[in-house]
Structure formats: structure tokens, C-alpha cells
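Trainee: one predicted model, sequence on top.
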Amino acid sequence: MKDMKIEINNIKATQEQQAHTLAKEENHHYIIEDRVKSMEQVNTYLENENFELKEQFLRLQTHSMKYNLIFSGITEQDNESKEDTESVIKNFIETELEIRDANTISFQNVHRLRPRNDGKPRNIIAKFSKYDDHQRVIRVVPAKLRHKSHTDSDYVQWFEISPELTGLRVNILVGGVYIPPEYSKYSTDNAFSEIETEMMQFSENASSIILLGDFNARTATMPDFIVPDDTLFDILDLTDNQDVDTLKNMYSYNFLLDYNIPLQRSSEDKKSNGFGSKLIDMCKRCSLYIANGRLFDDTIGKTTCKNVSLIDYLIISPDLFNYITNFNVLDFDPMISDVHNRIHFTLSFQTLKQVNPKNINDLDHTKIKWNPVHANQFQQVLSNRLGEIDSALDDLDNNHYIQVSLF
């Protein structure tokens, strides 16, 4: 009996020790849990700080870029130094743009960009010391170079919608875009900068811009706008009477609010990639907005590729939201594309000019059903007309614009 009591006491002692150890471990667990929560809070704070810093950097970058010009297609000299590059630019401005006092123009910095994948001369970026000199060059570019060269980008084709068709005061610049997939052997980091460069260049005579096509950019729901705050105005030292263009761009998001367009867009594609970040940055710099996930039948941001990703976009100047009367992503059609859905939208303008008296909705539409038996015949007919297609593409190239451009 005595031995049994001793054994029971030992068991009780062991239980008490284990209970004490368990309590100690639980307390340690709570301490670790509190530390994890603290670290999560710190991490969230740092992420927010990082986001704010990136936003402020982008705002500053956008403001400073107004002094920059990119010159493309200018032959590079052997062993060209930085001083040589500046001389090349001044010579180009004097001879090609016919600004006779080009030697009086001063630059903060002039340098060649990285080598191009297509073997063409490296672009030159020039930051003017004076904004007036920058504007002098910009103003003469369309008249002096329009008939001498054409678009230098492999990723976009441009055309303009005339005021005669819209009733607006100036043209609408439209760019059809295709950018190869990120990390493919055809991809390049220059694609978005080239499109932005030419867009800013050709928009000198256009009030609004439309970009549409396959950007291979997954943007999830990243904001494509910037809401300025007091910190930004303090940094840029802006007032309501200064730098009207910059202020106008900063507050361009008000167009969406005026037209009851949601600032926060939706997307079924919850993932983003590097090209998506580049596209968003371009939208912010140029005051452009993604229509997908904001309008009519596509308020959810439907996927456009393989029912998985949203990479095909309509991107517009904010004032154009007032003229879009329809927007949706159509069902996949293998006759039209291998993996992409079509984007359908309608622009409606009030104009006194009668362009086409026929209502396209009243026309008879004949839908031809594809017959695989005639595949070889189709290929043969297409092959026989390749010459006509090449000729049409050459005509498009010959009607394009210029190489010197605003960054």
C-alpha cells in the first residue's frame, strides 16, 4: 500500500511538472504569436511605405520627363563618346529640323540607350536644360520629318480618326498593339517604352488616344491612376497657376468620376506579371485608363486568353469614356484567333457630317461555315494573294510618321 501511495505521488508530481511545462510552452507560444503579429504589422507598414515611395517616384518621374526627348534611327559613330552624342543631336536639330541656332541649345544630359535587339542604332535620350528649347523642337518635328521617315516600333501600328468623322476639334490617335509574351525569345523590355515614345510623338496633333490589342500584360486590379496629395505638391512645388499640363494630367481621374466610371476596375485574372507593371506605369505617366473591367457588359474584367488571363485591352484617354456606348469581351471563336477572345466596343459621336447613309445593322450578313475539306483550297487562295497583302502593308509603312519623339 505504501509503495502504491509513493507511485501515485510520483505520478502526481510528474503531471504537475508536465502541466508546468505545458503552461510554459503555451506562454512561449503566445509570445511568438504576438511577435509574428507585430512582424506582420511592420511588414504591412513597410509594404505601404514602399508602395507610397514608388508612387511618389513615379509622380516625380512623370514630371521630370517633360524635359526629355528620345531620338531614334540616328546612325551611331564608331567609338562615339557622350560629347560626340550631344554634337550628333545638335547637328540633327540644325540640319533635319532646320533650327539654325541649335548650338545655343543646352542639355542636362545626353546619352545612348541600351543596344536594340533588331540591330538598329541605339536610341538617344536628351534632357533639355530649358523647357522652351524642348518645345521648340517638338513644334517643328511634325512638319519637318513627317514625310521623311515612319514609325520605328515593331510593336504598334498607328492611324488617326479625323475630326470630320467625330465632330471633335482634333484627331484621335489609335494604336493597334502586339507585344510578344514576357520571357519569350521575341520579348524585349523596350516594347512599352517604344510605344510610349511614339504615342507621345504622334499625339502632338491629337487630343485623345486609344491603344488596343494584345499586350501580354497581366495587371490584376493594380490601380492605373494616381491621386495627388499635398506631399506631391510640396515635392514638385506646384500651385494652381503653374504647369497647367502637369496639373491637368494629375487630375485626369476626375473624368471617370464625372462619367460615373469606377476608379477601381475589376478583373477575373488575379495574377500580375512584369509586363503588367510596365503597362500600369505607362498608363499613370500618360494619363491613360484601362476600359476592361469598368464598362457595360464587362464590369467583372473578363479573361481574354484561354479563360485564364486578361492580356488584351482597350486603353483610352479619360475624355473618351464619354463617347463609348458599348464594351464587352466576346466569346472565343477559333475562326478569329488561336486562343484570344475579341474585344468589342462602340464609339459614338454627334456630327453633322453624313459619313455613310446605310445603317450597318440593316445590312444582310452572310456567315460562312468553315468546311475542313476545303482547307487546302483556302491555303492556296491565301498564298496566291500574299503579294497583294505585302503591297498593302508597304502602303501602310509608307504612310507612317517620324522617328524623333517625346519621351
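Mentor: Looks like it came in fine.
Trainee: strands of the stretch 151-300 of the chain, residue ranges please.
Mentor: Counting by DSSP state E, counting those that start in this stretch, the stretch 151-300 of the chain has strands at residues 156-161, 171-178, 206-214, 289-290.
Trainee: mind listing what whichever helix or strand comes after the shortest one pairs with, with the direction of each?
Mentor: Per DSSP states H and E, strand 289-290 leads on to strand 312-316 as the next helix or strand towards the C-terminus. Paired strands of strand 312-316, with direction, are strand 206-214 (antiparallel), strand 289-290 (antiparallel) (DSSP bridges).
Trainee: angle of strand 312-316 against strand 171-178?
Mentor: Angle, strand 312-316 to strand 171-178, by axes from the mean of the first three to the mean of the last three CA atoms, to 10 degrees: 160 degrees.
Trainee: return the residues in contact with the spatially most central residue of the chain.
Mentor: Centroid check for the chain by CA atoms, centre = their mean gives L279 as the closest residue, at 2.8 Å. When contacts are counted by CB atoms under 8 Å, 6 or more residues apart in numbering, L279 touches 192, 215, 217, 219, 313. (C-beta placed from N, C-alpha, C; glycine too.)
Trainee: could you do S272 as well?
Mentor: Taking CB under 8 Å, 6+ apart, one finds 218-220, 222 in contact with S272.
Trainee: re the thing from before, in a markdown table: the contacts of L279, plus pLDDT and distance to S208.
Mentor: Formatted as a markdown table, the contacts of L279 follow (pLDDT from 0 to 100; distance: CB to CB, whole Å):
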| residue | pLDDT | distance to S208 |
| --- | --- | --- |
| F192 | 92 | 20 |
| F215 | 97 | 19 |
| A217 | 96 | 21 |
| T219 | 96 | 21 |
| Y313 | 98 | 16 |
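Trainee: okay, now D189: neighbour count?
Mentor: Summarising burial for D189: neighbours were counted as other CB atoms under 10 Å, giving 12.
Trainee: so how far is D281 from it?
Mentor: 12 Å (CB to CB, to the nearest Å).
Trainee: S193 too?
Mentor: 10 Å.
Trainee: would you map the helices across this protein?
Mentor: Under the criterion DSSP state H, the chain contains helices at 2-64, 82-95, 131-145, 163-166, 191-202, 230-236, 244-250, 254-258, 274-286, 375-384, 386-398.
Trainee: run through who's touching the fourth one.
Mentor: For helix 163-166, contacts defined as CB under 8 Å, 6+ apart pick out 169-172, 323, 347, 349, 351, 353, 355.
Trainee: ok so, going back, compare the helices of the chain and say which comes out lowest on pLDDT.
Mentor: Among these, helix 230-236 has the lowest mean pLDDT, at a mean of 59.
Trainee: which residues sit in contact with A206?
Mentor: If you count contacts by CB under 8 Å, 6+ apart, then A206 has 160, 170-173 around it.
Trainee: any chance of those residues in a markdown table, plus neighbour count?
Mentor: Output for the contacts of A206, formatted as a markdown table (neighbours: other CB atoms under 10 Å):
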| residue | neighbour count |
| --- | --- |
| E160 | 16 |
| V170 | 15 |
| N171 | 20 |
| I172 | 24 |
| L173 | 23 |
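Trainee: okay, who's weakest in these by pLDDT?
Mentor: Comparing the contacts of A206 by pLDDT, V170 comes last, at 83.
Trainee: what residues are up against the residue lying closest to that residue once chain neighbours are set aside?
Mentor: Spatially, and ignoring its direct neighbours in sequence, V170 is nearest to S207 (4.4 Å; CB to CB, 6 or more residues apart in numbering). Listed by CB under 8 Å, 6+ apart, the contact set of S207 reads 168-172, 317, 319.
Trainee: quick one on the thing from earlier: out of the contacts of L279, flag the one nearest to F255.
Mentor: Within the contacts of L279, the smallest distance to F255 is 18.1 Å, found for Y313 (CB to CB).
Trainee: what about the closest one, how many residues close to it?
Mentor: As a measure of burial, Y313 has 22 neighbours, counting by other CB under 10 Å.
Trainee: any idea how far it is from T219?
Mentor: As defined by CB to CB, Y313 lies at a distance of 8 Å from T219.
Trainee: between these two, which contacts overlap?
Mentor: 279, 290.
Trainee: okay, domains of this protein per the record?
Mentor: Domain assignment for the chain, taken from automatic domain parsing, gives 72-148, 150-356+400-407.
Trainee: now the first one, how far from the centre of its chain.
Mentor: Spelled out, it's domain 72-148. 25 Å (CA atoms, centre = their mean, to the nearest Å).
Trainee: nearest residue to S129 other than its sequence neighbours?
Mentor: Among residues not flanking S129 along the chain, S106 sits closest, at 4.2 Å (CB to CB, 6+ apart).
Trainee: nope, M335 is what I was after
Mentor: Spatially, and ignoring its direct neighbours in sequence, M335 is nearest to W370 (6.0 Å; CB to CB, 6+ apart).
Trainee: again, but for I195
Mentor: Spatial nearest neighbour of I195, excluding adjacent residues (CB to CB, 6+ apart): V156 at 5.0 Å.
Trainee: returning to that earlier point: dump the domains of the chain to a markdown table, plus distance to E7.
Mentor: Conversion of those to a markdown table gives the following (distance: least, CB to CB, whole Å):
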| stretch | distance to E7 |
| --- | --- |
| domain 72-148 | 81 |
| domain 150-356+400-407 | 62 |
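Trainee: name the stretch among those that sits most buried.
Mentor: Among those, judged by mean count of other CB atoms under 10 Å, the one packed with the most neighbours on average is domain 150-356+400-407 (a mean of 17).
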